[in-house]
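1. below are the sequence and a predicted model; questions follow.
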Amino acid sequence: MIILVCLISGLFWIGAMPSLAEQTSHQHYAMVKGQDKPGPEGSLAPRLLNLGKHTFPVTTKSGRAQEFINQGINLTYGFNHAEAKRAFREAARLDPHCAMAYWGQALVIGPNINAPMNPEDEVRAHQLVQKALALKALITPREQAYIQALAQRYSGKAGERAKRDQAYANAMRKLYQQFPDDLDAAVLFAEAMMDLRPWDYWTRDGRPNPGTEEVSNVLQSVVGRNPDHPGALHFWI
């Protein structure tokens, strides 16, 4: 355990090396043309194996939909956002009343630390969140909080991106504080903070930029409670 924490702490400190951050090129995973077309039985995504044991419980009457929610969140933590979107779409196909399936789709087409949001996706992201909100009477307070926080991220207007990113980070901090035992809330809050200044977490002399210490503390807390959390480990790296 101590070795693991030391290792990932060292990797997180790589961010203090500006040359690495400046020279690295990043982009969203691109979906192959035709990849989003339904399969012979109507499926929108294959069931993938060996993605780990991490689960993200949501309200659904379909066990199969829950499997694709788990697949989607694990792919999200692995930064394969295109494939994660397919998984969340399949969850929605299996259970059209699964609010978190729409939340997941909206989450992954937003900005991340490797790529900005495509302005053309702003309207769609907003629509997906509104669809999730319309189902809030069917879900738990925890799920409602996730969706309401994500609603702060999208207005449907590309020109408000910076403002909306900050609003989302603030909302995720409140969610994290409201549900301190929810490790996914903590990890997604950390990601929201990191998205505010991607690849710019340290000064050239190794001092933390604003927000970096808070992110570090949150991720350390998650790893301390679950050394195998895929999201916490990836964001540390």
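-> Looks like it came in fine.
2. shaky segments in this protein?
-> By pLDDT under 70, the low-scoring segments of the chain are 1-40.
3. state which helix of it is the longest.
-> Longest helix of the chain, by residue count under DSSP state H: helix 161-178.
4. how far away is the closest residue to Asn170 other than its chain neighbours from Ala91?
-> Distances taken as C-beta to C-beta, 6 or more residues apart in numbering place Gln152 nearest to Asn170, at 7.4 Å, with adjacent residues excluded. Quick note: C-beta positions are derived from backbone N, CA and C, even for glycine. Using C-beta to C-beta, to the nearest Å, Gln152 is found at 23 Å from Ala91.
5. compare neighbour counts for the two and give me the winner.
-> Taking other C-beta atoms under 10 Å, Gln152 and Ala91 do not tie; Ala91 has more neighbours (30 against 20).
6. doesn't Ala167 make contact with the residue nearest to Asn170?
-> Yes. Contact between Gln152 and Ala167 holds when scored by C-beta atoms under 8 Å: they sit 4.1 Å apart.
7. measure Leu44 to Arg89 for me?
-> 5 Å.
8. please apply the same query to Trp103.
-> 12 Å.
9. those two: which is more packed in?
-> With neighbours defined as other C-beta under 10 Å, Trp103 and Arg89 compare such that Trp103 has more, 27 against 21.
10. which strand or helix spans that one?
-> Element membership of Trp103, judged by DSSP states H and E, is helix 99-108.
11. in the helix or strand following that helix, which residues are buried?
-> Remark: after helix 99-108, the chain's next helix or strand is helix 122-133, criterion DSSP H and E. Under the neighbour-count criterion of 16 or more other C-beta atoms under 10 Å, helix 122-133 has Glu122, Ala125, His126, Leu128, Val129, Lys131, Ala132, Leu133 buried.
12. which residues touch helix 122-133?
-> 99-100, 102-103, 105-106, 109-110, 117, 147-148, 150-151, 153-158, 161 (C-beta atoms under 8 Å, 6 or more residues apart in numbering).
13. switch the cut-off to 7 Å
-> 99, 102-103, 105-106, 109-110, 147, 150-151, 154-158 (C-beta atoms under 7 Å, 6 or more residues apart in numbering).
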